[in-house]
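Visitor: Okay, sequence plus prediction incoming.
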Amino acid sequence: AQKITQTQPGMFVQEKEAVTLDCTYDTSDQSYGLFWYKQPSSGEMIFLIYQGSYDEQNATEGRYSLNFQKARKSANLVISASQLGDSAMYFCAMRPNRDDKIIFGKGTRLHILP
Amino acid sequence: NAGVTQTPKFRVLKTGQSMTLLCAQDMNHEYMYWYRQDPGMGLRLIHYSVGEGTTAKGEVPDGYNVSRLKKQNFLLGLESAAPSQTSVYFCASSYVGVSYEQYFGPGTRLTVT
């Protein structure tokens, strides 16, 4: 069965520090995609970053990078130089290549402290 | 380009009432999805559609029905609302392909009393 696990329900981080949000996944598929979404307190879902299972390089988008460790089935999100506006809920998600659906984790609530 | 829109934004229903949530997208996406979000549960898939005229069940389909008569619209129906259906409902759409992210609507907050 496909599953996404986010073990950190909440995190507090000092502004300007780097943040790592953990995500592990379980799949028997060889081809899949991994996603991270941000949900601020306003409620909208914002796509942050994508990593394909066959991509050799870790994905990066501005201050966001995805630390992809395929053998460990890990897809951690790294936010460099955190800002107050990064305070939000963050969701890890996966879509197996053969499937039409994305599976979401339960999320990690990140609080950035001034 | 409005992206994904949802109507209504808020609704209060009494137990047993029915309603339809409308999702519309203007990006010519093939895939559309309905999720519910409850505290501590993340996003759970209710139903989805891979094209006009097709629908499929997700993780929590009971008590909901859907229709995709037009490619740009995906309707979610509650025939007889229950308090357990109090939630925030999100619609999303995407292109075909594993690398394409889902674009989300702003959500509908539904309360069933």
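Guide: It's in.

Visitor: does the closest residue to residue B:26 other than its chain neighbours count as helix, strand or coil?
Guide: Leaving aside its chain neighbours, residue B:26 sits nearest to residue B:2 (5.5 Å; criterion: Cβ to Cβ, 6 or more residues apart in numbering or on different chains). Just so you know, the C-beta spots here come from the backbone N, C-alpha and C atoms, and that holds for glycine as well. Under DSSP: H, G, I helix; E, B strand; the rest coil, residue B:2 falls in the coil class.

Visitor: so how far is chain B from residue A:108?
Guide: Per Cβ to the nearest Cβ, to the nearest Å, residue A:108 is found 10 Å from chain B.

Visitor: ok, now which ones touch that residue?
Guide: A:6, A:8, A:9, A:10, A:11, A:21, A:22, A:89, A:90 (Cβ atoms under 8 Å, 6 or more residues apart in numbering or on different chains).

Visitor: how about stretch B:91-110: buried residues?
Guide: Within stretch B:91-110, the residues scored as buried using 16 or more other Cβ atoms under 10 Å in any protein chain shown are B:91-94, B:98, B:100-105, B:107-108, B:110.

Visitor: and it, C-alpha only, in CSV?
Guide: Below are the C-alpha coordinates for stretch B:91-110, written out as CSV (Å, rounded to 0.1, in the frame of the first residue of the first chain):
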residue,chain,number,x,y,z
CYS,B,91,-11.0,20.8,-5.4
ALA,B,92,-7.9,20.4,-7.5
SER,B,93,-7.0,19.8,-11.1
SER,B,94,-3.9,18.7,-13.0
TYR,B,95,-2.5,17.8,-16.4
VAL,B,96,-2.0,14.2,-17.2
GLY,B,97,1.4,12.9,-16.1
VAL,B,98,3.2,12.0,-12.9
SER,B,99,5.3,15.2,-12.9
TYR,B,100,2.4,17.6,-13.0
GLU,B,101,1.4,19.2,-9.7
GLN,B,102,-2.2,19.7,-8.7
TYR,B,103,-3.7,23.2,-8.7
PHE,B,104,-6.0,23.8,-5.8
GLY,B,105,-9.1,25.9,-5.4
PRO,B,106,-9.5,28.1,-2.3
GLY,B,107,-11.7,25.6,-0.4
THR,B,108,-15.2,25.5,0.9
ARG,B,109,-15.9,25.4,4.6
LEU,B,110,-19.0,23.3,5.3
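
Visitor: Check the model's average confidence along that stretch for me.
Guide: Here stretch B:91-110 scores 90 as its mean pLDDT.

Visitor: Do any residues in that stretch lie close to chain A?
Guide: Yes - Stretch B:91-110 is in contact with chain A by Cβ under 8 Å from any Cβ of the partner chain, via B:92, B:98, B:99, B:101, B:102, B:103, B:104, B:106, B:107.

Visitor: Same list, the residues you listed, but as TSV with secondary structure please.
Guide: Compiled in TSV, these are given as follows (three-state DSSP):
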residue	secondary structure
B:92	strand
B:98	coil
B:99	coil
B:101	coil
B:102	coil
B:103	strand
B:104	strand
B:106	coil
B:107	coil
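
Visitor: which residues touch the residue nearest the centre of chain B?
Guide: Geometric centre of chain B, nearest residue: residue B:34, 2.8 Å, by Cα atoms, centre = their mean. Going by Cβ under 8 Å, 6+ apart, residue B:34 touches B:21, B:23, B:45-48, B:58, B:64, B:66, B:74, B:76, B:89-91.

Visitor: try 7 Å
Guide: Contacts of residue B:34 were listed using Cβ atoms under 7 Å, 6 or more residues apart in numbering or on different chains, and they are B:46, B:47, B:66, B:74, B:76, B:89, B:91.

Visitor: All set, thanks.
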